[in-house]
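Q: Predicted coordinates and the sequence they were generated for:
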Amino acid sequence: MSTILIIDDDDQLRMSFERLLQEEGYEVRTAASGEAGIRMVQEALPDLVVLDVRLPGMNGLETFKRIHAIDQKLPVIVMTAFGTTETAIEATKLGAFDYVIKPFDIPQMLATIRQALETGRFMRSPIDMDVGPDKTRGEAIIGKSPVMQEVYKSIGRVSATEATVLIRGESGSGKELVARALYQHSMRNEKPFLVINCVAIPDTLLESELFGYEKGAFTGATHRRVGKIEQASGGTIFLDEIGDMPMNLQAKMLRLLQEKSIERLGGRETLPVDVRIIAATNRDLEHLITTGQFREDLYYRLKVISIWLPPLRERTGDIPLLADYFLARFSSELGIENPGITHEAMSLLVSSPWPGNIRELSNTLQKALIFNRGAPLSLEDITQAASGDPQKGNPHETACDESIRTWIRSLLSKGDQNNLFENCLDHFGSMLVGEALNLTGGNRSRAAKLLGISRPTLHAKIDKYHLKIETSVK
């Protein structure tokens, strides 16, 4: 459970915020002054600090500096009113994760908190390489095959340099872990490490997210905003799925790599920045260049150093090592004894194609463990855990799909309906969450793992769908 420290002198806001975050599944501590907040950070380091700019005695900016001196990797979100925006911007330039304008939008604030906690975990959680079978906690890059030995060598040679790195490989092959290992072994490992997924952020928002904007740059730009690149000064930016970056932003990214400078959206001032760029993609960039979808000059700027991650089907000898690692890790996380795996089940893992690579293997083993009854995982356990893959061609699932399509067509045939799309998503979301809770006997931690979402997100879904939870002891 993540711990969040709120530092704000507004008693009502502090209490309301504390209640909200506790309902989301976080452990919350509060302080009414900067001095008290600093003492709490010194006594027990939280996972995140939410800090108001205006405080009695020591102001928010000085409080941030003192907290930052205790631990530079501790993410801090600054809350500010319009009148103190410049102070919040200054704190962000000094290393604060982000700033939020009061009164804030609750869903947006919760999303920012999740991003900050994930960033903090990325910076703090070490990525081990080539670990032994006794490794049960944390994340690791696993494999003893010749191709993986070359990956380890590349990380060792490149991490201490300032070179731009392009990581290539299929989806699920572990590109993010390699990026984090490069950061953690670099000379910038005490500075920020920010992840930007070029697919997850809409094109219209990606430019302002990366480069920031000036007041009045567009409708709704009521104040200046510092972008992630400027915010990560001295640190590292990981641009995931860069092959999907829009062409107009590719030109700005080229300027960043060539001139080490940026311009905010709607601004004319050239801002020098000091960041290292690590990029990753599963796209065929060479083909995208020939079709005019990716700039050739940016391609050569990015691939100063290129690291290729092989798909799992090309290193099947590593699958037993990966399986042993995931079984030990997930058993520890679930609080159960590692049941092991039968020889027949392991043979199935080794012979399977794994189009989703390590991510698919990991998810399959996690699902198998959740429904396991203590015996070693069998051939049937693995088959059932993997049967959710539509590529398996399950006839029952095909029939279900057709029933769903029939129901959808009947809804669409009724003509225009308000919020039909959202209502359908909520309908299936409610069923999915409800069934996960039923299958796990109301165990929220296991249900969240089964769904592939965080526990706070699960709590929000339960509240949204007004689900009643029935627990059972098994």
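A: Nice, thanks for sending it over.

Q: What residues does residue 63 make contact with?
A: By C-beta atoms under 8 Å, 6 or more residues apart in numbering, the residues touching residue 63 are 7, 34, 37-38, 51, 55. Bear in mind the C-beta positions are built from the backbone N, C-alpha and C, glycine included.

Q: Tell me which residues of the helix or strand harbouring residue 195 come out buried.
A: Assessed by DSSP states H and E, residue 195 sits inside strand 193-197. Buried residues in strand 193-197, counted by 16 or more other C-beta atoms under 10 Å: 193-196.

Q: How about stretch 253-268?
A: Under the neighbour-count criterion of 16+ other C-beta under 10 Å, stretch 253-268 has 253-254, 256-257, 262, 264-267 buried.

Q: One more: stretch 363-378?
A: Buried, per 16+ other C-beta under 10 Å, within stretch 363-378: 363-370, 372, 377-378.

Q: Which ones among these lie within strands?
A: Within the buried residues of stretch 363-378, no residue falls in strands by DSSP state E.

Q: which of the residues you listed has the weakest pLDDT?
A: Across the set of the buried residues of stretch 363-378, residue 372 stands lowest in pLDDT, at 82.

Q: Report the contact partners of the nearest residue to that one once chain neighbours are set aside.
A: Spatially, and ignoring its direct neighbours in sequence, residue 372 is nearest to residue 339 (5.6 Å; C-beta to C-beta, 6 or more residues apart in numbering). Applying C-beta under 8 Å, 6+ apart to residue 339 gives the contacts 327, 331, 369, 372, 374-377.

Q: Make a markdown table from these and add distance to residue 227 to it.
A: Output for these, formatted as a markdown table (distance: C-beta to C-beta, whole Å):
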| residue | distance to residue 227 |
| --- | --- |
| 327 | 42 |
| 331 | 42 |
| 369 | 41 |
| 372 | 46 |
| 374 | 51 |
| 375 | 53 |
| 376 | 51 |
| 377 | 46 |
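
Q: so which of the residues you listed comes closest to residue 43?
A: Using C-beta to C-beta, residue 331 comes nearest to residue 43 of these, at 32.9 Å.

Q: The nearest residue to residue 379 once chain neighbours are set aside - how many residues pack around it?
A: Closest residue to residue 379 apart from its sequence neighbours, by C-beta to C-beta, 6+ apart: residue 344 at 4.6 Å. If you count neighbours by other C-beta atoms under 10 Å, residue 344 ends up with 12.

Q: isn't residue 344 right next to residue 381, touching?
A: No - if you go by C-beta atoms under 8 Å, residue 344 and residue 381 don't touch, sitting 10.5 Å apart.

Q: did I read that right, residue 99 in a strand?
A: Yes - per DSSP: H, G, I helix; E, B strand; the rest coil, residue 99 lies within a strand segment.

Q: Give me the pLDDT for it.
A: The model's pLDDT for residue 99 equals 87.

Q: show me what contacts the closest residue to it other than its chain neighbours?
A: Of all residues not flanking residue 99 in the chain, residue 88 sits nearest, at 3.7 Å (C-beta to C-beta, 6+ apart). Residue 88 sits next to 53, 78-80, 96, 99 when contact means C-beta under 8 Å, 6+ apart.

Q: at 6 Å instead, please
A: Contacts for residue 88 (C-beta atoms under 6 Å, 6 or more residues apart in numbering) come out as 53, 78, 80, 99.

Q: Over to residue 61?
A: 87, 91.

Q: which residue is nearest the middle of this structure?
A: The chain has residue 118 as the residue nearest its centroid, 5.7 Å off, counting by C-alpha atoms, centre = their mean.

Q: beta partners for the residue lying closest to it once chain neighbours are set aside?
A: For residue 118, ignoring the flanking residues on the chain, the nearest one in space by C-beta to C-beta, 6+ apart is residue 195 at 7.8 Å. Listed beta-bridge partners, residue 195: residue 238 (assigned using DSSP bridges).

Q: Would you state the strands of the stretch 151-300 of the chain in chain order?
A: With DSSP state E, counting those that start in this stretch applied, the stretch 151-300 of the chain shows strands at 165-168, 193-197, 212-213, 225-226, 236-240, 261-262, 271-272, 276-281, listed in chain order.

Q: for these, which one sits closest to residue 45?
A: strand 193-197 (17.9 Å).

Q: domain ranges for this protein?
A: Listed domain ranges for the chain are 3-124, 146-309, 315-392, 417-465 (source: automatic domain parsing).

Q: and the longest one, average pLDDT?
A: Confidence over domain 146-309 (mean pLDDT, whole number) is 92.

Q: measure that domain end to end?
A: Terminal residues of domain 146-309 are spaced 12 Å apart (C-alpha to C-alpha, to the nearest Å).

Q: what do you get for the last one?
A: For domain 417-465, the first-to-last residue distance is 21 Å (C-alpha to C-alpha).

Q: isn't there a helix covering the residue nearest to residue 99?
A: Yes - secondary structure of residue 88, determined by three-state DSSP: located in a helix.

Q: Would you mark the buried spots in stretch 113-122?
A: Neighbour counts over stretch 113-122 (16+ other C-beta under 10 Å) mark 113-117, 119-120, 122 as buried.

Q: returning to that earlier point: in CSV: the buried residues of strand 193-197, plus distance to residue 322.
A: Output for these, formatted as CSV (distance: C-beta to C-beta, whole Å):
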residue, distance to residue 322
193, 25
194, 28
195, 23
196, 28
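
Q: Looking at the residues you listed, spot the one nearest residue 454.
A: Minimum distance to residue 454 across the buried residues of strand 193-197 is 15.9 Å, recorded for residue 195 (C-beta to C-beta).

Q: So the closest one versus residue 39, what's the distance?
A: Relative to residue 39, residue 195 is positioned 32 Å away (C-beta to C-beta, to the nearest Å).

Q: Just give the number of residues close to residue 14.
A: The number of residues packed near residue 14 is 19, by other C-beta under 10 Å.
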